[in-house]
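Visitor: all I have is the shape, not the residue letters:
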Ligand SMILES: Nc1ncnc2c1ncn2[C@@H]1O[C@H](COP(=O)(O)OP(=O)(O)OP(=O)(O)O)[C@@H](O)[C@H]1O
Ligand SMILES: Nc1nc2c(c(=O)[nH]1)N=C(CO)CN2
């Protein structure tokens with residue numbers, strides 16, 4: 001991603017350092033933060049919630065810089081990088097902490113920002129869970145080519161894909177049975193960017209939307225982004241994207257394949273984080289049959 005938001009030389013006078021006197025004597029620090037994220041949606045819509053507010057990032061930086069003294073500027077840089085990557089839109093971040101007046105037993109040139117600094121670059125790396133479904137056309141061929149398209153998506157790496165399951169349609173008008181599967185991967189992409197990629201793959205397989213829960217050549221749903229077991233999953237509620245997928249935890253056609261792809265999977269429900277294995281053990285799975293063998297990866 002080449003779009004960037006940059007904050008240059010956020011100035012904070014505070015106490016950090018290995019030496020005893022640095023912990024009680026304030027000195028100057030300067031912080032540079034460069035965030036890689038897709039700015040096209042913000043540029044097109046002029047809406048702040050489509051980007052990352054530089055003011056929020058600057059406030060986070062000052063809060064972290066003014067915490068009780070730590071020894072290392074590396075610690076501060078790492079914490080600021082983590083705070084940026086906790087924001088859904090951030091794909092990667094570079095943080096530099098300058099300590100121009102550091103006591104190093106030497107003189108640094110005057111003028112400009114001289115003296116020691118550390119820089120760290122960290123990339124977003126969230127777990128993503130994608131549900132696949134098809135009940136029109138050549139279901140197996142469509143799902144196979146959809147997995148290939150997911151594999152070729154820059155910024156998304158598939159880790160496991162479940163077996164195929166043949167499932168009875170849930171909701172909607174009478175329609176043919178589905179093949180369902182679930183792919184588990186890792187991604188640096190913002191969730192909205194991922195959803196756009198899924199919609200593009202669906203469109204490429206002739207997906208149309210006329211009737212709610214109607215038959216479809218291909219359905220790709222974003223089930224979860226991040227890990228509820230570590231409380232790092234994204235919880236979003238907008239018209240275009242809700243996370244976790246609001247109906248996933250009640251759907252055997254999602255949970256059974258998901259468990260196949262990741263036996264330790266955890267899903268966020270209204271009652272908190274739950275093991276998918278526990279939910280599957282408690283639900284009626286009689287409409288879910290093992291489908292034909294495939295090796296999608
Ligand atoms: N987590 C999500 N994954 C996929 N689409 C979502 C999600 N949250 C919201 N949406 C929105 O839902 C809209 C309808 O999606 P879609 O046509 O795939 O629904 P569906 O698969 O028929 O039903 P369901 O949402 O119950 O699975 C999409 O245009 C999309 O913007
Ligand atoms: N068996 C089955 N039923 C469904 C499915 C699906 O993928 N499989 N998808 C739906 C909307 O996403 C609605 N109902």
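Guide: Looks like it came in fine. As the structure is a prediction and not an experimental result, all values here were calculated from the model. Ligands and ions are numbered 1, 2, ... in the order given.
Visitor: which helices and strands does whichever strand or helix holds residue 281 pack with?
Guide: Secondary structure from DSSP states H and E places residue 281 in helix 276-282. Judged by 3 or more C-beta pairs under 8 Å, 6 or more residues apart in numbering; DSSP states H and E, the packing partners of helix 276-282 are helix 252-261, strand 266-269. (C-beta placed from N, C-alpha, C; glycine too.)
Visitor: can stretch 83-90 be said to contact ligand 1?
Guide: No - using C-beta under 6 Å from any ligand atom, stretch 83-90 never reaches ligand 1; the gap is at least 12.9 Å.
Visitor: and the end-to-end length of that stretch?
Guide: 10 Å (C-alpha to C-alpha, to the nearest Å).
Visitor: again, but for stretch 236-243
Guide: 5 Å.
Visitor: list the buried ones in that stretch?
Guide: Across stretch 236-243, burial judged by 16 or more other C-beta atoms under 10 Å covers 241, 243.
Visitor: now it: mean pLDDT?
Guide: What stretch 236-243 shows for mean pLDDT is 92.
Visitor: for residue 183, give its distance to residue 75.
Guide: Distance, residue 183 to residue 75, by C-beta to C-beta, to the nearest Å: 37 Å.
Visitor: of these two, who's got more company?
Guide: Legend: neighbour count by other C-beta atoms under 10 Å for residue 183 and residue 75, higher for residue 183 (27 against 15).
Visitor: the domain parsing of this protein - what is it?
Guide: Using automatic domain parsing, the domain parsing of the chain gives 4-123, 126-290.
Visitor: is it possible to get JSON lines of these that adds distance to residue 297?
Guide: Formatted as JSON lines, the domains of the chain follow (distance: least, C-beta to C-beta, whole Å):
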{"stretch": "domain 4-123", "distance to residue 297": "23"}
{"stretch": "domain 126-290", "distance to residue 297": "6"}
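Visitor: now, of these, which is deepest in the fold?
Guide: domain 126-290 (a mean of 18; mean count of other C-beta atoms under 10 Å).
Visitor: say whether ligand 1 is contacted by that domain.
Guide: Yes - counting by C-beta under 6 Å from any ligand atom, ligand 1 has neighbours in domain 126-290: 195, 209, 213, 219, 221-222, 240-243, 245, 247.
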